[in-house]
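Engineer: My questions concern the predicted model and sequence given below.
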Amino acid sequence: LAQEERVAIATERLKHLPKGRRGDGSGRRFRRQAHRFAYRSLLGKVHALARKKGIQSLEVNPQDTSTIGMLKYAPLLSLSKDVAAAYVIGRRALGFKEEIPKPLNALLQDPSFHDRTRRFYEGRIAQLKERHREEKNPYLKRRLGRELAQMKRALVTLQSLQGEPGGPAGSTAGRNPQGIHAWRALRVGLFLPLLGRKVPRDLSPLKPILLGSWEGWKGGLDPHPGGGSAATDAHLRVGVGSGG
């Protein structure tokens with residue numbers, strides 16, 4: 001296809017990909033297939049064949065490509081998260097820098113956003129601590145412990161944005177006044193609290209926010225529409241009780 005269209009090929013510069021581990025809920029069959037799949041070897045063959053055919057091939061920094069794609073392009077262009085990530089890879093190969101859209105940047109500076117997301121994660125952490133303390137099954141207890149650690153990291157990511165003006169070049173080439181972790185803070189602040197999943201399939205609910213109507217979400221459920229306490233509790237029951 002690249003040969004027919006006379007275009008270059010761009011991929012991420014991957015050194016290691018998580019292939020799952022026992023107890024993460026991915027399933028034994030998936031982990032077995034993932035460990036057998038030679039990602040780096042496959043990409044090497046792609047680039048070698050491209051050079052042989054006279055096609056320009058490039059590798060780009062993979063940092064936050066999926067997060068940027070899901071937050072910035074998937075909702076607006078009605079793309080899947082994977083296609084949106086590929087879109088970011090292509091833009092990065094062309095030399096474009098990904099600035100945070102103004103509505104999302106304003107969201108990061110909105111005290112009510114930080115307050116609502118903080119309360120969401122603090123409530124979730126409290127729930128997980130209680131369940132972890134009462135759980136007798138060691139397998140489920142480990143899963144709860146990992147989930148608890150993830151929620152604590154998410155809360156730290158959100159808190160890292162407050163009181164830290166300026167930042168070195170990073171995921172936004174230094175243009176973002178909130179620092180280099182802003183994309184990740186938006187991810188943990190919007191996906192699980194708003195959409196009820198760490199990696200949501202449907203990203204269309206983010207479109208109104210990208211169009212500047214975050215004010216309309218403020219009066220919604222606690223903390224956001226689709227991500228209230230009932231949705232959180234249901235997610236915990238499914239995630240912990242499914243047994244993988």
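Structural biologist: Now that the structure is in, tell me what you want to look at. Residues are numbered from 1 along each chain as shown.
Engineer: Just give me the neighbour total for the closest residue to Leu144 other than its chain neighbours.
Structural biologist: Counting by CB to CB, 6 or more residues apart in numbering, His132 is the residue found nearest to Leu144 once chain neighbours are left out, at 4.3 Å. For the C-beta atoms, the positions are set from N, CA and C on the backbone; glycine is no exception. Look at His132: counted by other CB atoms under 10 Å, it has 17 neighbours.
Engineer: again with the one 10 residues further on
Structural biologist: Close neighbours of Arg142, defined as other CB under 10 Å, add up to 15.
Engineer: Looks to me like it is in a helix.
Structural biologist: Yes: assessed with DSSP: H, G, I helix; E, B strand; the rest coil, Arg142 lies in a helix.
Engineer: Tell me the predicted confidence for it.
Structural biologist: On the pLDDT scale, Arg142 is placed at 90.
Engineer: Can you point out the buried residues in the top helix by length along the chain?
Structural biologist: What stands out as the longest helix in the chain, according to DSSP state H, is helix 111-134. Within helix 111-134, the residues that qualify as buried by neighbour count (16 or more other CB atoms under 10 Å) are 113-114, 116-118, 120-121, 123-125, 127-128, 131-132.
Engineer: Please convert these to TSV, extending it with pLDDT.
Structural biologist: Listed next are the buried residues of helix 111-134 as TSV, based on pLDDT from 0 to 100:
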residue	pLDDT
Phe113	87
His114	88
Arg116	89
Thr117	91
Arg118	92
Phe120	94
Tyr121	95
Gly123	95
Arg124	95
Ile125	96
Gln127	95
Leu128	95
Arg131	95
His132	95
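Engineer: give the contact list for the residue nearest to Leu144.
Structural biologist: 141, 144-145, 148 (CB atoms under 8 Å, 6 or more residues apart in numbering).
Engineer: Roughly how far does it sit from Lys141?
Structural biologist: Computed with CB to CB, to the nearest Å, the distance linking His132 and Lys141 is 6 Å.
Engineer: same thing with Glu4?
Structural biologist: 55 Å.
Engineer: can you pull out the helices in this structure?
Structural biologist: For the chain, helices defined by DSSP H occupy the ranges 2-5, 28-36, 39-52, 65-68, 74-77, 81-93, 102-108, 111-134, 138-159, 182-190, 207-210, 214-217, 229-241.
Engineer: per-residue confidence for Thr172?
Structural biologist: For Thr172, pLDDT reads 36.
Engineer: Please apply the same query to Ser41.
Structural biologist: At Ser41, pLDDT is 79.
Engineer: Pretty sure Phe191 sits against Lys198.
Structural biologist: Yes: using CB atoms under 8 Å, Phe191 is in contact with Lys198, at 5.9 Å.
Engineer: Between those two, tell me which one has more neighbours.
Structural biologist: Phe191 (21 against 14).
Engineer: give the contact list for the more buried one.
Structural biologist: Taking CB under 8 Å, 6+ apart as the test, what Phe191 contacts is 70, 197-200.
Engineer: now, which of those residues sits nearest Gly90?
Structural biologist: Among the contacts of Phe191, Met70 lies closest to Gly90 (CB to CB), at 15.6 Å.
Engineer: The closest one: what's it in contact with?
Structural biologist: Counting by CB under 8 Å, 6+ apart, the residues that Met70 touches are 81, 84-85, 187, 191, 199-200, 203.
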